[in-house]
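Asks: what follows is a protein structure lacking sequence information:
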């Protein structure tokens, strides 16, 4: 089927998620950087890979896949990663937990969105940080409350890394980047600590992928 290739950007939350999952699956991959700052996602070559002009794009098993959550589903189903609980109800709640970050917080905190929105105010230089803090902090508070519905386990929803952990860790990276305090959210802090020690998460960290 050929080698696995990930077109990504080191600071992209969505790319970060996929790197974690690939590492969990033990899949060796070639990383091809797409520099979002330089606008490489808008080039003809990348738009042919993904008409949305987004990262990540994953070439694997003879397929070209886009959208990080769809890629995570594919890797989970084909590599039996066990990213979601077996019980349908628990699985739905775990997916809702993950999506509270990946679907609700992440899109509005995309830097391109934040810069455009704050630029409309005429004060774009100072506003992105305040914009990020405005959305990230409440999102993490909601995540903490949702976690209360699950039994206390090392990871968010179980004894092994799951979908919620994969979505949470990139958001916490962004929280620290934008100086969002979440020290008062104990379940999130506990999950972060255990994930940070896991080799698959550590190797996927943006600082390792510049």
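Replies: Arrived safely, thanks for sending. Computed from a predicted model, the values in this text were never measured in an experiment.
Asks: quick one: the helices in this protein, in order.
Replies: Remark: helices assigned in the chain by DSSP state H are 13-25, 44-49, 68-79, 88-99, 106-108, 111-119, 127-147, 163-177, 186-196, 199-204.
Asks: just so I know, which of these lies nearest residue 156?
Replies: Distance to residue 156, taken as Cβ to Cβ, is lowest for helix 163-177 among the helices of the chain, at 3.8 Å. All C-beta spots, glycine's among them, are computed from the backbone N, C-alpha and C.
Asks: picking that back up, pick out the shakiest of the helices of the chain, pLDDT-wise.
Replies: Note on those: lowest mean pLDDT is at helix 111-119, with a mean of 76.
Asks: now the helices of the chain in CSV, with distance to residue 33 and mean neighbour count?
Replies: CSV is the format used below for those (distance: least, Cβ to Cβ, whole Å; neighbours: other Cβ atoms under 10 Å):
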stretch, distance to residue 33, mean neighbour count
helix 13-25, 10, 25
helix 44-49, 11, 13
helix 68-79, 17, 18
helix 88-99, 26, 17
helix 106-108, 20, 17
helix 111-119, 17, 15
helix 127-147, 23, 18
helix 163-177, 17, 23
helix 186-196, 24, 17
helix 199-204, 14, 16
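Asks: of those, which approaches residue 62 most closely?
Replies: Each of those has some distance to residue 62 by Cβ to Cβ; the shortest is helix 68-79, at 12.0 Å.
Asks: which strands or helices does that closest one pack on?
Replies: For helix 68-79, the packing partners by 3 or more Cβ pairs under 8 Å, 6 or more residues apart in numbering; DSSP states H and E come out as helix 13-25, strand 63-66, helix 163-177.
Asks: any chance of JSON lines for these, columns distance to residue 129?
Replies: Converted to JSON lines, the helices and strands packed on helix 68-79 look like this (distance: least, Cβ to Cβ, whole Å):
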{"stretch": "helix 13-25", "distance to residue 129": "17"}
{"stretch": "strand 63-66", "distance to residue 129": "29"}
{"stretch": "helix 163-177", "distance to residue 129": "9"}
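Asks: right, and these - which one's nearest residue 88?
Replies: Using Cβ to Cβ as the measure, helix 163-177 is the one of the helices and strands packed on helix 68-79 that comes nearest residue 88, at 14.6 Å.
Asks: and that closest one, how far out from the chain middle?
Replies: Averaging C-alpha coordinates over helix 163-177 and over its chain gives two centres that are 6 Å apart (Cα atoms, centre = their mean, to the nearest Å).
Asks: what's the angle between it and helix 88-99?
Replies: Relative orientation of helix 163-177 and helix 88-99, computed by axes from the mean of the first three to the mean of the last three Cα atoms, to 10 degrees: 20 degrees.
Asks: neighbouring contacts of helix 163-177?
Replies: 13-14, 16-17, 20-21, 72, 76, 83-84, 94-95, 97-99, 101-102, 105-106, 109, 132, 136-137, 139-140, 143, 155-157, 180, 182, 188, 191-192, 195-196, 201, 205-206 (Cβ atoms under 8 Å, 6 or more residues apart in numbering).
Asks: if we use 7 Å, what do you get?
Replies: Helix 163-177 is contacted by residues 13, 16-17, 20-21, 72, 83-84, 94-95, 97-98, 101-102, 105-106, 109, 136, 140, 143, 155-157, 182, 188, 191-192, 195, 201, 206 when judged by Cβ atoms under 7 Å, 6 or more residues apart in numbering.
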